[in-house]
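**Q** Sharing a sequence plus its predicted fold:
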Protein chains: 4
Amino acid sequence: ATTAEMHKQLSDEQLGDLIEASLESRENSYSPYSKFKVGAALLTHDDTVITGCNVENISYGLSNCAERTAVFRAVVQGYRKFKAIAITAEMGNKFVGPCGACRQVMAEFGLDWEVYLAMPNKSYMKTTVGKLLPDSFSPDWVTLG
Amino acid sequence: ATTAEMHKQLSDEQLGDLIEASLESRENSYSPYSKFKVGAALLTHDDTVITGCNVENISYGLSNCAERTAVFRAVVQGYRKFKAIAITAEMGNKFVGPCGACRQVMAEFGLDWEVYLAMPNKSYMKTTVGKLLPDSFSPDWVTLG
Amino acid sequence: ATTAEMHKQLSDEQLGDLIEASLESRENSYSPYSKFKVGAALLTHDDTVITGCNVENISYGLSNCAERTAVFRAVVQGYRKFKAIAITAEMGNKFVGPCGACRQVMAEFGLDWEVYLAMPNKSYMKTTVGKLLPDSFSPDWVTLG
Amino acid sequence: ATTAEMHKQLSDEQLGDLIEASLESRENSYSPYSKFKVGAALLTHDDTVITGCNVENISYGLSNCAERTAVFRAVVQGYRKFKAIAITAEMGNKFVGPCGACRQVMAEFGLDWEVYLAMPNKSYMKTTVGKLLPDSFSPDWVTLG
Ligand SMILES: [Zn+2]
Ligand SMILES: [Zn+2]
Ligand SMILES: [Zn+2]
Ligand SMILES: [Zn+2]
């Protein structure tokens, strides 16, 4: 299957389940410092759902986001190829993308997979890893004389 | 059960299984940059074994060690209390402790649990999270005049 | 001065100097693990140039990139507002953007400043922090029924 | 000079100045999330003082501590060898050591240099990088039968 076809395989039902899984995973969030619970659910190439939540640390810099937690879990389970990730947080009325660190960790495993930024009410915004971390293949470069 | 009693519950068989689990987890290590495979296996307060491996990134600073991966996985599964962790790597003839970042992440969930630094041949060294990250409650302080 | 006007103030000479400073800073790169030297030079709102280089660690995850080093240095010197950053590395013939972690750290101090990805031969590509870390304010969101 | 002799060269005056520098550096702390200002001052092998402060990020995991900031700054300035670091924070009546990530970053540049945990009132506790990050060369290892 091409990547395009692979993405077609993500049905509304699968997406609903993925968002639901990310919502449930928020419950295990360990976020005593930010009080900000985030959940994520990764859909692997073989349609396995692997969840994550944020895990904070008293030394803030050692905190790990939900998205990275999900990716790390997946790798331990032998996965390296993903179709999609759903990320859920309570952010008022705004969709906010993953932090740069998570984008980088997701990009390690391909740019061409989908990212669903979702809210507890299940509204969502769809993007891709590649769009979230543009490689700057933009054309406006020159050679400095 | 007191912590001391809890630790007594870690039988030779459990320790052997824990080291074995950490060895098996190394197989899923994603370490194309360092070529250095590390595995970890965490024993939760209820005797569940949760494994981890290192997951590297082309931007080295986004790499995650096996120990932290195991802790993050455990938190997603609802655990916050641990008896022990076994960490396995091929380091020649030397036992090397976890990196400081992993010590800090482990310490978030208590200082009084055991760390087994093990080798593929199953020889091991035993220490604790608290010993690996002394809080510097040492007594040699003074007030500068 | 508006931001647009502020950017106009970055003359060809300033840009040349900024790239030159980033190149010089590469010389202090501590990169024994990747052998990949990166330099950065930040231009503050008051036209001060503050450089950075990558500083690696035997535990790869504790490595710090040149861009973040430059930002951290600037903050220590009291700066919080930047016009531009030049980043130099030897990457063959390709311009490669900063890693996600660096994009996130730069974005903490504004999205509307310039990023110059440069090569030792001083060819460069121009982008901005905001373009490198799109917040996903894209319009294609729906509510899942 | 041996390391021992080198350490002798850290006079009371130097230590007082180092703590003072770390206190001053706290003023530039960028810590809108934790509201916890930390300062550090590094003494290089040639008696140069290089300061640092913590620089936080809205994605907590991208935050950088004062100690690491100081080390990164020093490396950019060409330093790789240090005599001592003073770290200052307002922690009530308790001396608290650096986080594990900072210990790891300091250890990259040697174990045999001094760490002064200080308070705004200039009381301090003295330890070393090596003591803060024991390599677990302790002797209580056995081979699992
Ligand atoms: Zn993140
Ligand atoms: Zn580690
Ligand atoms: Zn970077
Ligand atoms: Zn720290």
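**A** The structure has been received and is ready for your questions. Ligands and ions are numbered 1, 2, ... in the order given.
**Q** For chain A, spot the helix or strand the model is least confident about on average.
**A** Of all the helices and strands that make up chain A, strand A:141-143 has the lowest average by mean pLDDT, DSSP states H and E, namely a mean of 38.
**Q** those strands in chain A, which residues are they?
**A** In chain A, the strands defined using DSSP state E lie at A:38-44, A:49-53, A:82-89, A:114-118, A:123-128, A:141-143.
**Q** In a markdown table: those, plus distance to D:Thr88 and mean neighbour count.
**A** In this view, the C-beta of every residue, glycine as well, is placed from N, C-alpha and C. Below are the strands of chain A laid out as a markdown table (distance: least, Cβ to Cβ, whole Å; neighbours: other Cβ atoms under 10 Å in any protein chain shown):
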| stretch | distance to D:Thr88 | mean neighbour count |
| --- | --- | --- |
| strand A:38-44 | 33 | 26 |
| strand A:49-53 | 34 | 26 |
| strand A:82-89 | 35 | 25 |
| strand A:114-118 | 40 | 24 |
| strand A:123-128 | 43 | 18 |
| strand A:141-143 | 45 | 12 |
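**Q** closest one to ligand 1 among those strands?
**A** If you check each of those against ligand 1 by Cβ to the ion, strand A:38-44 wins as the nearest, at 8.2 Å.
**Q** does stretch A:20-28 come close to chain C?
**A** No. Stretch A:20-28 stays clear of chain C (Cβ under 8 Å from any Cβ of the partner chain), getting no nearer than 9.8 Å.
**Q** again, but for stretch A:40-56
**A** No. Stretch A:40-56 is not in contact with chain C by Cβ under 8 Å from any Cβ; minimum separation 13.8 Å.
**Q** And stretch A:75-89, by the same measure?
**A** No. Figure legend: stretch A:75-89 not in contact with chain C (Cβ under 8 Å from any Cβ); closest approach 10.2 Å.
**Q** check whether that stretch contacts chain B.
**A** Yes. Stretch A:75-89 lies within reach of chain B by Cβ under 8 Å from any Cβ, at A:75-78, A:80.
**Q** thought A:Val55 was touching A:Ser63?
**A** Yes. With contact defined as Cβ atoms under 8 Å, A:Val55 reaches A:Ser63; the gap is 6.9 Å.
**Q** more crowded one of the two?
**A** Set side by side, A:Val55 and A:Ser63 show more neighbours around A:Val55, with 28 against 25, by other Cβ atoms under 10 Å in any protein chain shown.
**Q** May I have the beta-bridge partners of that one?
**A** A:Tyr30, A:Asn64 (DSSP bridges).
**Q** tell me the contacts of it?
**A** A:29-30, A:63-64, A:69, B:71-72, B:75-76, B:105 (Cβ atoms under 8 Å, 6 or more residues apart in numbering or on different chains).
**Q** gap between A:Leu111 and ligand 3?
**A** Applying Cβ to the ion, to the nearest Å, the value for A:Leu111 to ligand 3 is 17 Å.
**Q** What about the closest residue to that residue other than its chain neighbours, how many residues nearby?
**A** Setting aside the residues directly before and after it, A:Leu111 is nearest to A:Gly130 in space (Cβ to Cβ, 6 or more residues apart in numbering or on different chains), at 3.4 Å. Using other Cβ under 10 Å, the number of residues around A:Gly130 comes to 16.
**Q** ok, A:Gly130 - contacts?
**A** A:107, A:111-112.
**Q** for chain A, which helix is longest?
**A** Scanning chain A for the longest helix, with DSSP state H as the assignment, gives helix A:12-26.
**Q** what comes up buried for that one?
**A** A:15, A:17-23, A:25-26 (16 or more other Cβ atoms under 10 Å in any protein chain shown).
**Q** In chain A, where is pLDDT below threshold?
**A** For chain A, the stretches flagged by pLDDT under 70 are A:1-9, A:135-145.
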